[in-house]
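Student: sequence and predicted structure are below.
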Amino acid sequence: MEFLYEYGLFFAKAVTIVVAILAVIIVAMASAVKQKGDKGELRLTNLSEELDELKLHMKEELLSKKQFKAFEKQRKAEAKEKEKQQKEDEIEPRVFVVDFKGSIDAGEVASLREEISAILAIKEKDDEVVVKVESGGGMVHGYGLAASQLDRLREAGVPLTICVDKVAASGGYMMACVANKVYAAPFAIVGSIGVVAQLPNFNRLLKKHEIDYEQHTAGDFKRTLTVFGENTDEGREKFQQELEETHVLFKDFINKYRPELDLEKVATGEHWYGQQALELGLVDELSTSDDVVMKLAADKTVIKVKYQLKKKLADKIAHGASLSVNALFNRLAEKNQPLK
């Protein structure tokens, strides 16, 4: 009898878990069906309004009631005067702020493309764009496309400013150099104008264990260096030649936008901190993106533009599973903690 009771309890638990998992999958699939054809959404945040609210809150906290009333009165009078001077059909100059935090493959360029297209679709003559770049570089074709997306703004006559708070190296600097003006924080990492490629080779290990590896190609240099095959001096030479050619293209690209740079001095693959980068001409001024945005907000409306890609069904399930596993481990860890 006790056996049947325990078995029934176990069976009930198992059924509950299976039903819960199926419910999660069904909800996720239903959500995916609804989002079909809707890759993402564009979000706009008025940073000028946020800064005004912050200023108002600080004044309210720090001033006396009498002083705050006087401040509010003056603020309303200034706003009224500004509105009076502005023509009915006149659009206040705007600054669009975009964030780009790049990975190795520069996959974030998909969102960057949408953000820039949206800005170009509604741009006015006095608008400008600030892009905060944070990347240590990565694949040439990915960052080449990202830099080309920024070049769309310059080609359209929209003033472009790049801010580097932490790092814009290699492909990150390829993007930064496109700007009309580049700002960097004093200890931001800038430069690394070079090309690197590396791969392991397991050919000797395979031979040691008597494992054959075959690779067939059509074309002398369809493959130069391989991971499992036996590499040749001819292949190594060709591989090095391709790296050098890519480096020349990289230097030519930078020279197009910053012709005043001494490329022999800066295109060595080295990186520098903001202060050193300023002396070398890699950046134009030292400043954080926060200061740049706050100064612009004094005269213009600052709007943050963010295109948010919606997660795929597999990503949602994986993320949910990850959270569940983490929660389970946390609970187990709490139960197994020794008493103090």
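Tutor: Yep, that arrived.
Student: tell me where the stretch 1-150 of the chain is predicted with low confidence.
Tutor: Applying pLDDT under 70 to the stretch 1-150 of the chain picks out residues 1-38, 82-90.
Student: what ranges does it have for its strands?
Tutor: In the stretch 1-150 of the chain, the strands defined using DSSP state E, counting those that start in this stretch lie at 40-46, 94-101, 128-134.
Student: paired strands for the second one, with orientation please.
Tutor: Read it as strand 94-101. With DSSP bridges as the test, strand 94-101 is paired with strand 128-134 (parallel), strand 301-309 (parallel).
Student: angle of the last one against strand 40-46?
Tutor: Strand 301-309 and strand 40-46 are oriented at 160 degrees to each other (axes from the mean of the first three to the mean of the last three C-alpha atoms, to 10 degrees).
Student: so for strand 301-309, what gets flagged as buried?
Tutor: Along strand 301-309, the positions that meet the burial threshold by neighbour count (16 or more other C-beta atoms under 10 Å) are Thr301, Val302, Ile303, Lys304, Val305, Lys306, Tyr307. Just so you know, the C-beta spots here come from the backbone N, C-alpha and C atoms, and that holds for glycine as well.
Student: next, the residue nearest to Ser170 when sequence neighbours are not counted: phi, psi?
Tutor: Beyond its immediate neighbours in the sequence, the residue positioned closest to Ser170 (C-beta to C-beta, 6 or more residues apart in numbering) is Gly137, lying 2.7 Å away. Reported as degrees, to the nearest 10, the phi and psi values for Gly137 are phi 100, psi -170.
Student: next up, the contacts around Phe239.
Tutor: Shown here is Phe239, whose contacts under the criterion C-beta atoms under 8 Å, 6 or more residues apart in numbering are Ala197, Thr224, Leu225.
Student: any chance of the buried residues of strand 301-309 in a markdown table, plus pLDDT?
Tutor: Written out in a markdown table, the entries for those read as follows (pLDDT from 0 to 100):
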| residue | pLDDT |
| --- | --- |
| Thr301 | 93 |
| Val302 | 95 |
| Ile303 | 95 |
| Lys304 | 96 |
| Val305 | 96 |
| Lys306 | 95 |
| Tyr307 | 94 |
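Student: name the nearest of those residues relative to Glu155.
Tutor: Comparing the buried residues of strand 301-309 against Glu155 with C-beta to C-beta picks out Val305 as the nearest, at 18.6 Å.
Student: returning to that earlier point: would CSV of the strands paired with strand 94-101 with distance to Leu263 be doable?
Tutor: Rendered in CSV, the data for the strands paired with strand 94-101 read as follows (distance: least, C-beta to C-beta, whole Å):
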stretch, distance to Leu263
strand 128-134, 21
strand 301-309, 33
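Student: quick one: the strands in the stretch 201-340 of the chain, in order.
Tutor: If you assign secondary structure with DSSP E, counting those that start in this stretch, the strands in the stretch 201-340 of the chain sit at 271-273, 285-286, 301-309.
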